[in-house]
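For reference, the sequence and a predicted model appear below.
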Amino acid sequence: MIDLTLQQASSSEVPDASAFRVWAEAALEKPHAEVVLRIVDAEESAALNSAYRGKTGPTNVLSFPFVVPAGIPNDLLGDLVICAAVVEREAAEQGKPVEAHWAHMVVHGMLHLQGYDHIEEADAQVMENREIAILQSLGIENPYLEIQPE
């Protein structure tokens, strides 16, 4: 079970909170957690991407895991920040349903909050395989398949 707080600072059309909850719970590997999910515009995403990753421009999803001090019981996994404009643009560029891409970004971010990463090739493969399995359990195709030109 997940306690999901959805904050939307974007005027873009985004899925409803119940969809985000289903996607986040599908990726949750512990019995209970709390996550804050913030939907932002490109300007806020770019500012956060610059401040926390040293990268220019907006990005699709940023994950901010909460580090619990030793001996303190806490269910807070952390915060996810997803840029609506980037998700919509990427879905169009990749020829994917926008809702499927939203789901992928939530699953991807949730895995980051739980310690997965894709810096090293072997870790990337583990993370991608986990994403594919979770998304397939939700009826969503492998997001890493190459789009075949028509």
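Sure, I can see it.

Residue 132 and residue 97, how far apart?
16 Å (Cβ to Cβ, to the nearest Å). From N, CA and C alone the C-beta is placed, and that goes for glycine too.

who's more crowded, those two?
residue 132 (18 against 12; other Cβ atoms under 10 Å).

who's in contact with the residue lying closest to the more buried one once chain neighbours are set aside?
In space, and not counting its chain neighbours, residue 132 is closest to residue 142: 5.0 Å by Cβ to Cβ, 6 or more residues apart in numbering. Contacts here follow Cβ atoms under 8 Å, 6 or more residues apart in numbering; on that basis residue 142 touches 132, 135, 136.

mind saving the C-alpha coords of the helix or strand hosting the second one as PDB?
In the assignment (DSSP states H and E), residue 135 maps to helix 121-137. Output in PDB follows, covering the C-alpha atoms of helix 121-137 (Å, rounded to 0.1, in the frame of the first residue of the first chain):
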ATOM      1  CA  GLU A 121      25.400  -1.200 -17.600                       C
ATOM      2  CA  ALA A 122      24.700  -4.300 -15.400                       C
ATOM      3  CA  ASP A 123      22.600  -2.200 -13.100                       C
ATOM      4  CA  ALA A 124      20.800  -0.600 -16.000                       C
ATOM      5  CA  GLN A 125      19.800  -4.000 -17.300                       C
ATOM      6  CA  VAL A 126      18.400  -5.000 -13.900                       C
ATOM      7  CA  MET A 127      16.400  -1.800 -13.700                       C
ATOM      8  CA  GLU A 128      15.100  -2.000 -17.200                       C
ATOM      9  CA  ASN A 129      14.100  -5.600 -16.800                       C
ATOM     10  CA  ARG A 130      12.200  -4.700 -13.600                       C
ATOM     11  CA  GLU A 131      10.500  -1.800 -15.300                       C
ATOM     12  CA  ILE A 132       9.400  -4.000 -18.200                       C
ATOM     13  CA  ALA A 133       8.000  -6.700 -15.900                       C
ATOM     14  CA  ILE A 134       6.100  -4.100 -13.800                       C
ATOM     15  CA  LEU A 135       4.700  -2.300 -16.900                       C
ATOM     16  CA  GLN A 136       3.700  -5.600 -18.500                       C
ATOM     17  CA  SER A 137       1.800  -6.500 -15.300                       C
END
